[in-house]
Every structure is written in C-alpha cells, then in structure tokens.
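[1] Pasted the sequence and its predicted model underneath.
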Amino acid sequence: MLKVGQKAPAFTLSDTSGNTIHLKDLLGKKRIVLFFYPKDNTPGCTKEACGFNAKIRTFHKRNLAVFGISPDSVASHQKFATKFAFQFPLLSDPDHKVASAYGAWGPKKLYGREYEGVLRSTFVIGLDGKIEMVFDKVKVDTHAEDLLNQLP
C-alpha cells in the first residue's frame, strides 16, 4: 500500500458517463479523494458511497474532488450511480491495474476461502500529486465523516 508522501501513480480510467479520466488532468486544481471499493450495489459499498454522496458539498467546499473506484464495468457504475443519485464519478478499473498500483488489491478471506480482491481503502492526493492521507481501515458507515474530520 502506498504511504504518505509518495507520488500518486498515474492512471487513465473511464468514468460513470464513459468519459476518460486522467489523473494528470486533475492535479493542481483540487485535492483528490480516491476510495477503492469491492462491488457496486452491495451493502457495505452502498453505505460507503452514499456516505460520500451525503457529504459531497462539504468535500467540494474543502477543494476536494471525490472518485470511487472498483473493478465493475461502466454500465454497472451507471446503474449504481443512477439508483443512488451520486454526485461524484465512479471509475471503472476492470483489470485492477490502478487498485494494484495503489496497493488496494490483494489477498482477502471470506468464510475461510482465500481470494484476490479490492482492499477497501482511500487515498487523498494533494495538489502536488503526492499522497497526503491513507485510510486502510475503513468503517463504511462513517468513512466519509471520519475522513473529513481528519483532514488538515
């Protein structure tokens, strides 16, 4: 997993609207929140994303752009975003290259079964393109609020 002070890995991903998003185009304009989540329309991921959506104005007032990233397709993201009226883009990382680059992809266990998957985590990227904050232990119910409370 990336550490505070490291340069954020570059990426190019498709968003909810099918637009191509390049990290380099975002840098220097706003600080960026990237939250990695496992799957659209699942209970924990829905709570987490809805928490960000409920606080989106506060994020924007603090000069933060929010992006959710999962391996789901653009079509899946569109359904998820429409269902909950998300006011931030979801980015599709189907081959999990971006999640891997950020250290948000790795071994998991569920009911004794081991598999590779998204490690729920969040990164705040500064205007200079460096990692300002890392959240590798996320409580889905309060994550957006917790992040806002810990921002400098």
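    Thanks, I have the structure now. Predicted model only: the values in this text are computed from it and were never measured.
[2] Let me see the residues that make contact with the lowest-mean-pLDDT helix or strand in the chain.
    Ranking every helix and strand in the chain by mean pLDDT, DSSP states H and E puts strand 105-110 at the bottom, with a mean of 90. Contact partners of strand 105-110, identified using CB atoms under 8 Å, 6 or more residues apart in numbering, comprise H96, A99, E114, Y115, E116, G117, V118, L119. Quick note: C-beta positions are derived from backbone N, CA and C, even for glycine.
[3] If we use 6 Å, what do you get?
    Under the contact criterion CB atoms under 6 Å, 6 or more residues apart in numbering, strand 105-110 has outside partners H96, A99, Y115, G117, L119.
[4] residues near T122, how many?
    Using other CB atoms under 10 Å, T122 is surrounded by 25 other residues.
[5] For the least confident helix or strand of the chain, list every residue counted as buried.
    Buried residues in strand 105-110, counting neighbours by 16 or more other CB atoms under 10 Å, are found at W105.
[6] At which residues are the strands of the chain located?
    Using DSSP state E, the strands found in the chain span residues 12-15, 20-22, 31-36, 64-70, 90-92, 105-110, 113-118, 121-125, 131-135.
[7] Show me what the second one is in contact with.
    Counting by CB under 6 Å, 6+ apart, strand 20-22 makes contact with T12, L13, D15, all of which sit outside it.
[8] right, and the last one touches P89 too?
    Yes - under the contact definition of CB atoms under 6 Å, D15 touches P89, with a separation of 4.0 Å.
[9] one step back: tell me the buried residues within the contacts of strand 105-110.
    Counted by 16+ other CB under 10 Å, these give H96, A99, G117, L119 as buried.
[10] now these in TSV, with pLDDT and distance to K108?
    Listed next are those as TSV, based on pLDDT from 0 to 100; distance: CB to CB, whole Å:
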residue	pLDDT	distance to K108
H96	96	12
A99	98	12
G117	95	5
L119	96	7
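[11] quick one: which of these sit in helices?
    A99 (DSSP state H).
[12] Pick the one among the buried ones among the contacts of strand 105-110 closest to K39.
    Lowest distance from K39 to those (CB to CB) belongs to G117, with 8.9 Å.
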